[in-house]
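In: Only the shape, not the letters, is given here:
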């Protein structure tokens, strides 16, 4: 079982405030498909981007880069708004209003951001935060684009929504010259803990504790309850199947307007690195 949570973003402990923030927002039609019955990945991305922008200090310039908001498909350049200094709430409102028009390439968007930062000579201490589902139908190499962006000296944070996994190349980039880089699946300085417990009407089960975003852990099959240490706490009933990986994906943006919380339970083949040592037994 593994738990993944997308929620409000925070700078890592001990890190200096960014000199500039670039918010890259995936607004392609694939993001708009209902993924949890009552909301979509796009709902979560817009809420998260807006919350991040509103939380910025007034002296930090911000830019909103949205792709998928115009056609033709796979050809239109991204929409670039900003940089805005002292008025991030303006960009937050625009993020909340974005609507999908056509498919577009995440790779080419990251490439254009890297070129712009290099040309403007503002990459150092620039934080690039990407909200996307990595389901682009327009091709391109996100690994090469990500490496190009990191080579400028910027940091890259990925908030991946939906079923896709972060490419291994973006989880552990290798940069020539040892340039500083900060790449993460979630930009959460305080990861959420969770506890797997017996279901109210189910058989006895020894509690198992974990942390969202970490590697999958081996658990016994059967009905169970997952309790997440959110505010307020969230309890999700699940049924664990033998020989399968259960993924619990949660989106939680309490400071969005309106607040957004939703979740989905998915099953998939187990990853090869779920070992017996990962078992709570």
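Out: Structure's in. What do you need? On a predicted model such as this, the values are computed, not experimentally measured, just so you know. Numbering: from 1, shown residues only.
In: State the helix or strand in which the residue nearest to the spatial centre of the chain lies.
Out: Nearest residue to the geometric centre of the chain (CA atoms, centre = their mean): residue 159, 1.4 Å. Take DSSP states H and E as the rule and residue 159 turns out to sit in strand 155-160.
In: That strand - what's its average pLDDT?
Out: Mean pLDDT, computed over strand 155-160, is 81.
In: Against residue 199, how distant is residue 113?
Out: The span separating residue 113 from residue 199 equals 46 Å under the rule CB to CB, to the nearest Å. C-betas here are computed from N, CA, C, even on glycine.
In: So which of these two has more stuff around it?
Out: Neighbour tally, residue 113 and residue 199, criterion other CB atoms under 10 Å: the higher count belongs to residue 113, 26 against 14.
In: by how many degrees do the helix or strand harbouring that one and strand 155-160 diverge?
Out: Following DSSP H and E, the helix or strand that holds residue 113 is helix 106-120. Interaxial angle, helix 106-120 versus strand 155-160 (axes from the mean of the first three to the mean of the last three CA atoms, to 10 degrees): 160 degrees.
In: What are the buried residues along helix 106-120?
Out: Across helix 106-120, burial judged by 16 or more other CB atoms under 10 Å covers 106, 107, 108, 109, 110, 111, 112, 113, 114, 116, 117, 118.
In: Validate this expectation: residue 210 resides in a strand.
Out: Yes: judged by DSSP: H, G, I helix; E, B strand; the rest coil, residue 210 forms part of a strand.
In: For the helix holding residue 113, what is the distance to the chain centroid?
Out: Averaging C-alpha positions (CA atoms, centre = their mean, to the nearest Å) puts helix 106-120 19 Å from its chain's average.
In: contacts for the helix or strand following that helix?
Out: As assigned by DSSP H and E, the chain's next helix or strand after helix 106-120 is strand 126-132. By CB atoms under 8 Å, 6 or more residues apart in numbering, the residues outside strand 126-132 that reach it are 9, 18-26, 31, 44-45, 48-49, 52, 106, 110, 113, 117, 149, 152-161, 187.
In: Of those, grab the buried ones for PyMOL.
Out: If you want just the buried ones from these in PyMOL, going by 16+ other CB under 10 Å, the selection is:
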select buried, resi 9+18+20+21+22+23+24+25+26+31+44+45+48+49+52+106+110+113+117+149+152+153+154+155+156+157+158+159+160+161+187
